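Q: Structure for this input, please:
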Amino acid sequence: MPIWVGSAWTELVFLSLRSNEFFGSIPSNLCHLVRLQVLNIFSNKVSGGIPKCLHNLTAMIQLGYQPYSSFTTFSIESAIVTSKRKEAEYTTTLELVKLIDLSSNNLVGDVPAEITSLVKLVGLNLLRNNLSGFLPQILNN
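A: I've put the predicted structure just below:
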């Protein structure tokens, strides 16, 4: 993914990088986009882990936004996990995050336990990635 993502346009609200064949890891600068409400990185070749810095995205409504869908759910059949990871801890609970779609990438590693602090999360799509390890216990329910 481009290194400039997250540093060039700090007031960005909507960012769609869908189906661009971006590769590499999700840049940590992305976590500086505190006004970001919609992030779509579906169907790229992103690799690495899922960043734990999602707590910085306090305005976030959805990750993996589907522009023509009126639903807050997703099709698990088309989901693949390749998302952002970072060595940071959640310090706040994000109450606006409803959907995270990191599908169709090459993400690796564990699903961060910090994701369980997203109390309003109703959809998590990690399909078609190379994730390993255990899911946080609450996600098994």
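Q: list the contacts for Arg35?
A: By CB atoms under 8 Å, 6 or more residues apart in numbering, the contact list for Arg35 reads Thr10, Glu11, Leu12, Val13, Ala59. In this view, the C-beta of every residue, glycine as well, is placed from N, C-alpha and C.
Q: Around the first one, how many other residues sit close by?
A: Burial of Thr10, expressed as a neighbour count using other CB atoms under 10 Å, amounts to 12.
Q: any idea whether it is helix, strand or coil?
A: When classified by DSSP: H, G, I helix; E, B strand; the rest coil, Thr10 comes out as coil.
Q: wouldn't it be in contact with Leu30 here?
A: No: in this structure, Thr10 is not within contact of Leu30 by CB atoms under 8 Å, at 11.2 Å.
Q: Tell me, please, where in this structure the pLDDT is lower than the cut-off.
A: 37-38, 54-99, 119-120, 140-141 (pLDDT under 70).
Q: Recalculate using a threshold of 80.
A: For the chain, the stretches with pLDDT under 80 are 1-10, 12-16, 28, 31, 34-40, 50-101, 113-123, 134-141.
Q: Tell me where it has strands.
A: With DSSP state E, the ranges of strands along the chain come out as 14-16, 23-24, 38-40, 45-48, 62-63, 99-101, 106-109, 123-125, 130-131.
Q: for the ones you listed, which one ends up most surrounded?
A: strand 99-101 (a mean of 25; mean count of other CB atoms under 10 Å).
Q: Spit out the contact partners of His44.
A: Heads up, residue 44 is Asn, not His. Per CB under 8 Å, 6+ apart, neighbours of Asn44: Met1, Leu17, Arg18, Ser19, Asn20, Glu21, Phe22, Phe23, Thr82, Ser104, Asn105.
Q: now it, nearest residue through space, not along the chain?
A: Excluding the flanking residues, the one nearest Asn44 by CB to CB, 6 or more residues apart in numbering is Phe22, at 4.4 Å.
Q: what's that neighbour in contact with, if anything?
A: Residues near Phe22 by CB under 8 Å, 6+ apart: Met1, Pro2, Ile41, Asn44, Lys45, Val46.
Q: Can you lay out these as JSON lines showing distance to Gly133?
A: Shown next, in JSON lines, are the contacts of Phe22 (distance: CB to CB, whole Å):
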{"residue": "Met1", "distance to Gly133": "23"}
{"residue": "Pro2", "distance to Gly133": "28"}
{"residue": "Ile41", "distance to Gly133": "21"}
{"residue": "Asn44", "distance to Gly133": "22"}
{"residue": "Lys45", "distance to Gly133": "21"}
{"residue": "Val46", "distance to Gly133": "18"}
